[in-house]
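1. output the structure for:
(one chain, ligands or ions: 1)
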Amino acid sequence: MSDTGDNQVAAVGTDSDESLILMTSSLSTAVSFVQETPGDLFDAPNGGALIHACNCEGVWGAGIARAFRERYPAAYKIYRNHCLIYRDNPATDIITDLRNEDTQPSLVVQRPLGTALIIPPQQSDFLLHRRRHWIICLFASKNYGSRMDSEDMIVNSTFAALKHLSEQLRVLPREVSEAGNERPQSLYSSRFCTGLFNVPWERIRKLINTVGLHVNVYHPFEASNRRARPVRMERPSETERD
Ligand SMILES: Nc1ncnc2c1ncn2[C@@H]1O[C@H](COP(=O)(O)OP(=O)(O)OC[C@H]2O[C@H](OP(=O)(O)O)[C@H](O)[C@@H]2O)[C@@H](O)[C@H]1O
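-> Numbers count the residues shown, from 1 in each chain. Next up is the predicted model:
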């Protein structure tokens, strides 16, 4: 990560007991809660929570999800198991369809679509890469690859998942202290949904600001000239994915 990145993150991170509430405050979308820095998401400080967009099929098979699977295999098992539980025990939710003027939730979706899963740091993952990261899965599309949801549907699900994340963060300090664990210090992400899911970053940033989550967003830069550029990630063939 660049020096600039470290400095900017330090300015946003806070150890106060109110940090999670600050992370989830709801102000107008004119206020930016997104702090963007060139750098590698996986260099985020210990204790941070890394957010990424996931499908509901239990597969981290391509793009940054594949990198998550390699770095955090124990977290991957928890994510996969979560998906399999819903596959075997179907349940539905009603989420807001942002394509409609009516803001009342009206879109019926199958869980875990439109929800967020917060995975605490796993000891075996820590031993692997010496990073104590929480992992936050936003269930943004039912499927992946050529069967991924439409852009508008991914936006709807991401919005619902961010709201669900915000709700969970509000109660997390009490719940995790009972379990004897720490809580996430700050939120970090890549420009999620903008690679394989192909949603314009402006749309996702607007969702984050609307929900009012403080997120430190890292975007890759090329080592040769250190200019921020999106990384082109190869998609493995379907047979390579599992
Ligand atoms: N180390 C790093 N630090 C900082 N930024 C990094 C980075 N590495 C990559 N980026 C950037 O992170 C953005 C999103 O990168 P992605 O295209 O991977 O993700 P997405 O959120 O669009 O899509 C999710 C679905 O893709 C996956 O694969 P499958 O479903 O299995 O097919 C999942 O499972 C989901 O379903 C792009 O801007 C990349 O430049």
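2. show the average pLDDT along the helix ranked longest in the chain.
-> With DSSP state H applied, the helix covering the greatest number of residues in the chain is identified as helix 151-179. Per-residue confidence for helix 151-179 averages out to 88 on the pLDDT scale.
3. just checking, what packs against that helix?
-> Packing contacts for helix 151-179, counted by 3 or more Cβ pairs under 8 Å, 6 or more residues apart in numbering; DSSP states H and E, involve helix 19-23, strand 49-55, strand 92-95, strand 107-110, strand 116-119, strand 134-141, helix 201-211. All C-beta spots, glycine's among them, are computed from the backbone N, C-alpha and C.
4. residues of that helix that come out buried?
-> Of the residues in helix 151-179, those buried by neighbour count under the rule 16 or more other Cβ atoms under 10 Å are 153-166, 168-169, 172-173, 176.
5. check contacts around the residue nearest to H133 when sequence neighbours are not counted.
-> In space, H133 comes closest to L50 once its chain neighbours are excluded; the distance is 5.2 Å by Cβ to Cβ, 6 or more residues apart in numbering. Shown here is L50, whose contacts under the criterion Cβ atoms under 8 Å, 6 or more residues apart in numbering are L41, F42, A44, F68, H133, W134, I135, I136, Y188, S189.
6. could you redo the last one with a cut-off of 6 Å?
-> Taking Cβ atoms under 6 Å, 6 or more residues apart in numbering as the contact definition, L50 lies against L41, H133, I135, Y188.
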